[in-house]
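> after the sequence you'll find the predicted model.
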Amino acid sequence: MGDTYTEVIATAPNGSVVIGGGFDVTSIFVAPTVLNAASYVPNTVAPGEIVAIRGYGFGPQTEILFDDFAAPILGSLPEQINAQVPWEIPGRTSTQLTVRDPSTLLMTTFAIPVASSLPGIFYVNNSDGTPNSTSDPAKGGDFISIYGTGGGVMNPPGVTGGVWLSTSLAALTLPVSVAIGGEKSQPIYAGSAPTLESGFFQINARLPADLPASTASLCIMIGGVSSQSVPVAIQ
């Protein structure tokens, strides 16, 4: 009598799919979504970018790899992992993203496009270092600092999983421009963000002096790619 082969497919409550064939059992993640952690632009990555990976079934031992490079995990929840895209992937048109968990055998792999830059803005600080807000606005003509991710290659290069040192600044290598309230502002600094993870960049710019008291829209462009717009409070 020939061997009997049985295949069973089932879904787990965490969204994973379990496939059993004979005595072998394999589990795979539902394909996750990869987002810029600041702008939430999906399914494209830039070197060094901080990303939010959303899906199901993530655990404390879940690992993220881009090609053969391990991505540092910055935060983990059952349905989201924040990680840094390795600095080692510039010049590639795509990268193979692998999500795996040795403790549960969950794994999925898929290709994702690589861009030279994909800027997103986390927050804006006033000249005194306080977060800009309607209760703490800036003045026209003041300097502001813009913090974001996805700015692309730095010089000197960023270290995957490292922290930017205040004693050794790195510069964004792609052209940078800033627009505030419909007016252009020339950046006076565009590079590493001292003391923060190497996935962050910092851009310092001066607010146009003629901005009225209001909430102005701010966006940046790096390497010809625009960020999302964020509000800046002006008094």
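Everything's here; your move.
> quick one: contacts for the closest residue to Ile180 other than its chain neighbours?
Closest residue to Ile180 apart from its sequence neighbours, by C-beta to C-beta, 6 or more residues apart in numbering: Leu218 at 4.9 Å. For the C-beta atoms, the positions are set from N, CA and C on the backbone; glycine is no exception. For Leu218, the contacting residues are Ile121, Val124, Ile146, Val178, Ala179, Ile180, Gly181, Ser229, Val230, Pro231, Val232, by C-beta atoms under 8 Å, 6 or more residues apart in numbering.
> 10 Å instead?
Listed by C-beta atoms under 10 Å, 6 or more residues apart in numbering, the contact set of Leu218 reads 121, 124, 132, 144, 146, 178-181, 185, 205, 207, 227-232.
> so it bridges to which residues?
Legend: beta-bridge partners of Leu218 under DSSP bridges are Ile180, Val230.
> about what we covered before: mark which of the contacts of Leu218 are buried, thanks.
When the contacts of Leu218 are checked for burial by 16 or more other C-beta atoms under 10 Å, the buried set is 121, 124, 132, 144, 146, 178-181, 185, 205, 207, 227-228, 230, 232.
> and which of these is nearest Ala170?
Closest to Ala170 out of the buried ones among the contacts of Leu218 is Ile146 (16.1 Å), distances taken as C-beta to C-beta.
> Gly150 touches Ala52, doesn't it?
No. Contact status for Gly150 versus Ala52: not in contact, 12.0 Å apart, counting by C-beta atoms under 10 Å.
> looking at these two, which one has more neighbours?
In this view Gly150 and Ala52 are compared by other C-beta atoms under 10 Å, and Gly150 has more residues nearby, 30 against 19.
> for the more buried one, give me the pLDDT.
Per-residue confidence (pLDDT) for Gly150: 98.
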